[in-house]
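Enquirer: Here is a sequence together with a model predicted from it:
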Amino acid sequence: MGGGKGTRLRPLTFERPKPTIPVLGQPLVAHTVQHLVNHGFRDQVVTLGYMGDRVVDSLDDGSRFGASMTYVHEEDKMGTAGGVKNAEEHLNDSPFLVLGGDHMLDFNLRELYEYHRAHDCPVTIALMCVDDPREFGIAEMGARGEIGRFREKPAPGEVFSNLASTGIYVLDPELLELVPEGRYFDFAKDLFPGLVEGGEAKGWLVQGEWSDVGRPSSYRSAVKWLLRSLPTTQLSGDVELRSSNLKGPVEIRSGVKIGRGSSVIGPVWMDRDVTIGDDVLVGPYTSIGEGCSIDDGSTVLSSHLFDGVSLGRDNSVSSSILDSSTETGAGVGLENGTVIGPRVRIADDVTVHPDVRMWPEVSVERGRDVKETLKNDAYGVETSGS
């Protein structure tokens, strides 16, 4: 499912749909497509809405992943079940997996699928223990996998379980007969409550990592555990190290130049043609996109720079996300949780406080202390929703 607008991820989704946000040099959805193929699911149907053509451009016919892609466009927002209903003609011959185009996961989808086939139940919901389940649907599950209660995004006093629905399901095709044609209909809110009440829903506990990349914090978490899986240090092609310290695991692509006295402490991923100056520290859980530059004396920790970002001298960047072609001057500090949109210009000696966001093409004058989100009237203002 790839139709949401990704408003909670703004400013990263003004110019791209959520499934195409870059993750280690690939669109987010490409990681999911490859994971499905690795578990034997080669025939894949993608439901498209907001900027759907960008998703098609990212995946094409799927052949480079070993998949076969079919695309179904939504003219109007149909909800999760309505969107799948819209693709019914491609899903009518066997049980099928449903998952979001904004998911990152590493657990065994084949085990989930075979569990469903082994039990006489029309839907199996993948469930995961989480610390704070209030943003999810939650389920009460028995020892044999039976789901006794299910509630979408519970209010205080209704949190009867910390088993969160991952939004990943296996469904028998006959279930789509219960989904009305041509109107908004949701799996969690509209379809599952009746199935749970009738004892027709099973749960399956996830063993592994999963994230729905719906917020900047969940994006950082997903990239973090992906970086954690880097096996060793890999230098691809021509990499220039000038008396610099490299401690893996790191993955560095061709054309990267790292200056004197600089340290790169993994896990770190760098795309092609990155230039790092002298006495720079790039710390663990950082990813740096193609063509980025980091000037002398800067520190970048647990942050993600998209393509073409340019950081000035003596910057301090912590747990932040910077979208493509953004530039900072000298002495800039970006504190934890900062999210900077594309083509932003930040002048010298600016401090940006935690969790501040900046909309595309914003300019920040020298010496400013930024404590609140800076928006651009040319773009939308909503940050809640999908």
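Expert: It's in.
Enquirer: Give me the residues contacting the lengthiest helix in the chain.
Expert: Ranked by residue count, the top helix of the chain under DSSP state H comes out as helix 216-228. Outside helix 216-228, the residues that touch it by Cβ atoms under 8 Å, 6 or more residues apart in numbering are 9, 12, 21, 23-24, 31, 104, 106, 209, 211-213, 266-269, 284-287, 302, 304, 319, 321, 337, 339, 357. (C-beta placed from N, C-alpha, C; glycine too.)
Enquirer: Identify each buried residue in stretch 361-380, please.
Expert: 361-362, 364, 370, 373-376 (16 or more other Cβ atoms under 10 Å).
Enquirer: Those in strands, which ones?
Expert: Judged by DSSP state E, strands contain the following of the buried residues of stretch 361-380: 364, 370.
Enquirer: TSV for the buried residues of stretch 361-380, including pLDDT and distance to Ala222?
Expert: What follows is these, written out as TSV (pLDDT from 0 to 100; distance: Cβ to Cβ, whole Å):
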residue	pLDDT	distance to Ala222
Glu361	96	27
Val362	97	26
Val364	98	28
Val370	97	26
Thr373	96	23
Leu374	96	26
Lys375	94	26
Asn376	94	27
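Enquirer: from the buried residues of stretch 361-380, which is closest to Val280?
Expert: Ranked by distance to Val280 (Cβ to Cβ), those are led by Val364 at 22.4 Å.
Enquirer: Contacts only, for the closest one.
Expert: 344-347, 350, 352, 358, 370, 374.
Enquirer: okay but Arg10 is in contact with Gly380, surely?
Expert: Yes - between Arg10 and Gly380 there is a contact at 7.2 Å, judged by Cβ atoms under 8 Å.
Enquirer: and the gap between Asp53 and Leu241?
Expert: To Leu241, Asp53 is 41 Å away according to Cβ to Cβ, to the nearest Å.
Enquirer: What residues sit buried inside the longest helix of the chain?
Expert: 216, 218-227.
Enquirer: Can you give the distance from that helix to the centre of its chain?
Expert: Centre-to-centre, helix 216-228 and its host chain are 8 Å apart (Cα atoms, centre = their mean, to the nearest Å).
Enquirer: Give me the next element, helix or strand, following it.
Expert: Where DSSP states H and E defines the elements, the next helix or strand beyond helix 216-228 is strand 234-235.
Enquirer: Moving along the chain from that next one, name the first helix or strand you hit.
Expert: Past strand 234-235, the next helix or strand by DSSP H and E is strand 239-241.
Enquirer: list the helices and strands that following strand packs on?
Expert: Identification of packing neighbours for strand 239-241 by 3 or more Cβ pairs under 8 Å, 6 or more residues apart in numbering; DSSP states H and E yields strand 256-258.
Enquirer: The strand it packs on pairs with which strands?
Expert: Using DSSP bridges, strand 256-258 pairs in its sheet with strand 239-241 (parallel), strand 275-276 (parallel).
Enquirer: elements contacting the helix or strand following it?
Expert: With elements assigned by DSSP H and E, the helix or strand that comes after strand 256-258 is strand 263-265. The criterion is 3+ Cβ pairs under 8 Å, 6+ apart, and the helices and strands that strand 263-265 contacts are strand 245-247, strand 281-282.
Enquirer: outside of strand 263-265, which residues touch it?
Expert: Here strand 263-265 makes contact (Cβ under 8 Å, 6+ apart) with 244-247, 250, 252, 258, 270, 276, 280-284.
Enquirer: ditto for stretch 153-169
Expert: Outside stretch 153-169, the residues touching it (Cβ under 8 Å, 6+ apart) are 80, 97-100, 103, 105, 109, 112, 123-131, 133-141, 149-151, 187-188, 203, 205-206, 210, 212.
Enquirer: tell me which residues in it are buried?
Expert: Residues of stretch 153-169 classed as buried by neighbour count (16+ other Cβ under 10 Å): 154, 161, 163-169.
Enquirer: Next, the distance between the ends of it.
Expert: Taking Cα to Cα, to the nearest Å, stretch 153-169 runs 17 Å from one end to the other.
Enquirer: how far out from the middle of the chain is it?
Expert: Remark: stretch 153-169 is offset 20 Å from the chain centroid, using Cα atoms, centre = their mean.
Enquirer: for stretch 251-267, same thing?
Expert: 25 Å.
Enquirer: What residues of it count as buried?
Expert: By 16+ other Cβ under 10 Å, the buried positions in stretch 251-267 come out as 251-253, 255-259, 261-267.
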